[in-house]
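J.: Got a sequence here, can you model it:
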Amino acid sequence: MIPGLPDIFSVVPAHAGTQCRSVNRTSRAPLFGIAACIALATHAAFAQPFDTPPPVGAPRAPAIAAPEVRTLGNGLRVVVAQRRGVPLVTAELVVRSGAEADPAALSGLANLTATLLAKGTATRTAPQIAQAAEALGGQLETGAGWDRAFVTITVTRPQLAAALALVADVTTRPRFAPAELERARRQAIDGLNVALAQPGTLARVAANRAAFGTGTYGHSASGTPASLARMKRADVAALHAARYRPDDATLVLAGDIAMEDALQLAQAAFGGWKRPRDALPPVTVTAPDPALRGPVAIAMAGAGQAGVALAAPSIARAAPDYYAGVVANTLLGNGFSSRLNQEVRIKRGLSYGVVSRLDARRAGGVFSVAVQTKNPSAPEVVAVTLAEIARVADAPAPADELEARKLTVIGGVSRGFETTESLAGMVAALEAGGVDVAELTRTIPRLAAVTADEVQAFARAHWGAGEFRIVVAGEAAQFVDALRAAHPGIVVIPQKDVDLDRPTLVKP
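T.: Next up, the predicted model:
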């Protein structure tokens with residue numbers, strides 16, 4: 001018997017007691033079995049039954065100060081988001097230019113360029129870069145998306161100076177060795193070929209292209225196998241020379257560091273990064289210009305499931321109704337308690353899950369819904385999805401449902417403050433979106449203040465039925481007739497004829 005605890009065999013349920021007695025009386029019983037029995041007994045002894053769960057507490061304002069901002073003489077912004085008492089610092093160098101700067105025929109160029117940053121510099125090979133990061137206790141990561149490219153690493157505070165020197169080296173002095181370019185290109189093409197062979201991925205990428213057509217946001221930030229094959233070293237070097245410059249970059253430091261120290265470290269690592277004499281070349285984000293109006297069915301012979309995707313142009317991150325849009329998205333399809341998951345997964349059993357996403361960027365955005373289902377169920381999933389989207393616009397959400405969904409998204413934001421990596425990422429996203437970084441401390445109150453009327457107004461303004469482009473990829477013979485009955489203008493494209501670089505989705 002354990003002092004201070006009741007006799008464990010007197011409080012466990014009968015079935016658990018039998019199991020625990022047999023484990024406890026066997027001299028060769030593993031320790032984890034005994035520990036499990038003690039845990040079970042302790043829980044049974046002290047658990048208190050409740051008829052209903054306790055009420056959810058009100059959201060609390062984040063215990064974090066607004067980030068501080070300074071600018072070095074070369075134009076580099078330095079942003080510090082302090083987390084006192086955390087012995088780690090995440091450094092994220094953000095170049096405020098990304099996939100929107102890809103040339104028309106070279107989608108994915110920004111992403112490939114960012115990938116190659118860590119593949120060799122004037123003084124280090126790719127293995128030496130990886131070894132240097134590991135020696136500091138961190139891992140160097142690079143990448144690019146819409147409105148940004150980044151280099152990031154997390155280390156302990158004493159290693160920060162050396163880590164920033166490494167970040168500066170890969171950012172400002174990449175080598176772009178031909179062999180590394182070919183290796184990165186092959187890996188990217190192989191990955192895309194595998195991904196695009198899946199109905200869900202193919203439907204999502206095609207729906208985005210259909211929604212924007214020749215508009216800037218129509219191409220894939222990851223590129224396509226065809227666009228990646230066209231890229232040359234000169235293309236990569238030209239993009240780096242044009243877009244990677246200190247007056248269009250921000251160094252985000254999240255952790256236990258003061259601004260005074262941050263400025264000294266930033267100056268030491270990046271002070272020699274020269275601002276070009278020429279002005280920053282502007283990037284024009286062109287408006288959506290869809291070539292397809294009706295739904296698209298991509299015929300994938302032998303596909304075991306159908307991928308269903310809907311996409312529509314949406315708002316910029318700085319839009320006044322952004323927070324209403326976040327709550328509307330959470331209400332509709334973000335999480336297993338959302339309306340789409342309740343209807344499609346739980347009530348009808350048509351899929352393991354539905355995901356909706358509001359991707360708000362600097363000059364616009366995209367709203368999308370994605371789900372995989374049985375091939376014959378695809379028309380029903382399309383109909384249910386459109387009906388649930390319309391329901392958000394037709395009537396205000398009930399108060400209890402709205403509050404529960406708001407608490408879901410607020411909880412996600414709150415968890416983002418828990419680690420230096422996620423905190424740096426949140427600040428970097430604000431920088432990329434052209435939003436004041438002080439918005440970090442205002443996010444939770446603004447989400448909490450969203451009303452049912454504002455959610456409904458957002459849906460009415462941005463989720464019109466005619467705005468969505470629908471793509472279903474799968475065994476078309478099992479769903480195309482039913483889809484055509486509801487959508488007479490449907491276009492059927494064989495998988496071998498799909499061209500994601502063209503607004504019509506069809507090879508010439």
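J.: Ends of stretch 236-256, what's the gap?
T.: 36 Å (CA to CA, to the nearest Å).
J.: List the buried residues in it.
T.: 236, 239-240, 242-256 (16 or more other CB atoms under 10 Å). Any C-beta I mention is one placed from the backbone N, CA and C, and that applies to glycine too.
J.: Ok, stretch 205-220 next?
T.: Applying 16+ other CB under 10 Å to stretch 205-220 flags 205-220 as buried.
J.: can you check stretch 404-423 too?
T.: 404-410, 413-414, 416-417, 419-421, 423.
J.: Pick out the residue nearest the middle of this structure.
T.: What sits nearest the mean C-alpha location of the chain, by CA atoms, centre = their mean, is residue 359, with 8.5 Å.
J.: Looks like it contacts residue 365 (just checking).
T.: Yes: contact criterion CB atoms under 8 Å: residue 359 and residue 365 qualify, at 5.2 Å.
J.: show me where the stretch 1-150 of the chain has helices.
T.: 14-24, 31-46, 109-117, 126-135 (DSSP state H, counting those that start in this stretch).
J.: Next: the stretch 401-508 of the chain.
T.: 420-432, 443-448, 452-462, 480-486.
J.: Over to the stretch 251-400 of the chain?
T.: 259-270, 322-333, 339-340, 378-394, 399-415.
J.: residues in contact with residue 413?
T.: Residues in contact with residue 413 (CB atoms under 8 Å, 6 or more residues apart in numbering) are 443, 444, 447.
J.: Count the residues that sit near the last one.
T.: Other residues within reach of residue 447 by the criterion other CB atoms under 10 Å amount to 20.
J.: for the one 5 residues further on, same thing?
T.: The local packing count at residue 452 equals 18, with neighbours defined by other CB under 10 Å.
J.: Do you know the pLDDT at it?
T.: Predicted confidence (pLDDT) for residue 452: 98.
J.: Quick check: it touching residue 400?
T.: No: with contact defined as CB under 8 Å, residue 452 does not reach residue 400; the gap is 10.9 Å.
J.: wouldn't residue 291 be in contact with residue 503 here?
T.: Yes: using CB under 8 Å, residue 291 is in contact with residue 503, at 4.1 Å.
J.: those strands in this structure, which residues are they?
T.: 68-71, 77-82, 88-95, 141-145, 148-156, 249-255, 296-299, 306-314, 354-361, 364-373, 469-474, 491-494 (DSSP state E).
J.: What is the second one packed up against?
T.: Counting contacts by 3 or more CB pairs under 8 Å, 6 or more residues apart in numbering; DSSP states H and E, strand 77-82 packs against strand 68-71, strand 249-255, helix 259-270, helix 420-432.
J.: For residue 89, give the beta-bridge partners.
T.: Beta-bridge partners recorded for residue 89 (DSSP bridges): residue 155, residue 255.
J.: List the contacts of it.
T.: Contacts of residue 89 (CB under 8 Å, 6+ apart): 154, 155, 156, 157, 160, 253, 254, 255, 256, 257, 420.
J.: likewise residue 402?
T.: 327, 331, 452, 455.
J.: go on, residue 210?
T.: 290, 291, 292, 296, 311, 469, 471, 503, 505.
J.: go again using 10 Å as the cut-off
T.: Neighbouring residues of residue 210 by CB atoms under 10 Å, 6 or more residues apart in numbering: 218, 290-296, 309-311, 468-471, 491, 503-505.
J.: What of residue 371?
T.: Residue 371 touches 200, 203, 306-310, 333, 340-341, 344-345, 350-356, 377-378, 381-382, 384-385, counting by CB under 10 Å, 6+ apart.
J.: returning to what we had before: closest one to residue 107 among the helices and strands packed on strand 77-82?
T.: For these, the distance to residue 107 is smallest for helix 420-432, at 18.7 Å, taking CB to CB.
J.: Return the alpha-carbon coordinates of that closest one using CSV.
T.: The C-alpha coordinates for helix 420-432 follow below in CSV (Å, rounded to 0.1, in the frame of the first residue of the first chain):
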residue,chain,number,x,y,z
THR,A,420,9.3,31.2,-29.7
GLU,A,421,9.0,29.5,-33.1
SER,A,422,5.3,30.1,-33.4
LEU,A,423,5.6,33.6,-32.0
ALA,A,424,8.2,34.5,-34.6
GLY,A,425,6.0,33.0,-37.3
MET,A,426,3.0,35.1,-36.2
VAL,A,427,5.1,38.3,-36.3
ALA,A,428,6.6,37.3,-39.7
ALA,A,429,3.1,36.7,-41.1
LEU,A,430,2.0,40.2,-40.1
GLU,A,431,5.1,41.7,-41.7
ALA,A,432,4.4,39.8,-44.9
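J.: what's around the nearest residue to residue 108 once chain neighbours are set aside, how many residues?
T.: Excluding the flanking residues, the one nearest residue 108 by CB to CB, 6 or more residues apart in numbering is residue 223, at 1.8 Å. Other residues near residue 223 come to 27 when the count uses other CB under 10 Å.
J.: about what we covered before: just send the strands of the chain back as CSV, with mean pLDDT and distance to residue 394 too.
T.: Shown next, in CSV, are the strands of the chain (pLDDT from 0 to 100; distance: least, CB to CB, whole Å):
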stretch, mean pLDDT, distance to residue 394
strand 68-71, 98, 43
strand 77-82, 97, 41
strand 88-95, 98, 40
strand 141-145, 98, 34
strand 148-156, 98, 37
strand 249-255, 98, 42
strand 296-299, 98, 27
strand 306-314, 98, 17
strand 354-361, 98, 17
strand 364-373, 98, 17
strand 469-474, 98, 20
strand 491-494, 98, 29
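J.: Out of these, which one sits most buried?
T.: Stretch with highest mean neighbour count among the strands of the chain: strand 469-474 (a mean of 29; mean count of other CB atoms under 10 Å).
J.: Sheet partners, orientation included, of it?
T.: strand 296-299 (parallel), strand 306-314 (antiparallel).
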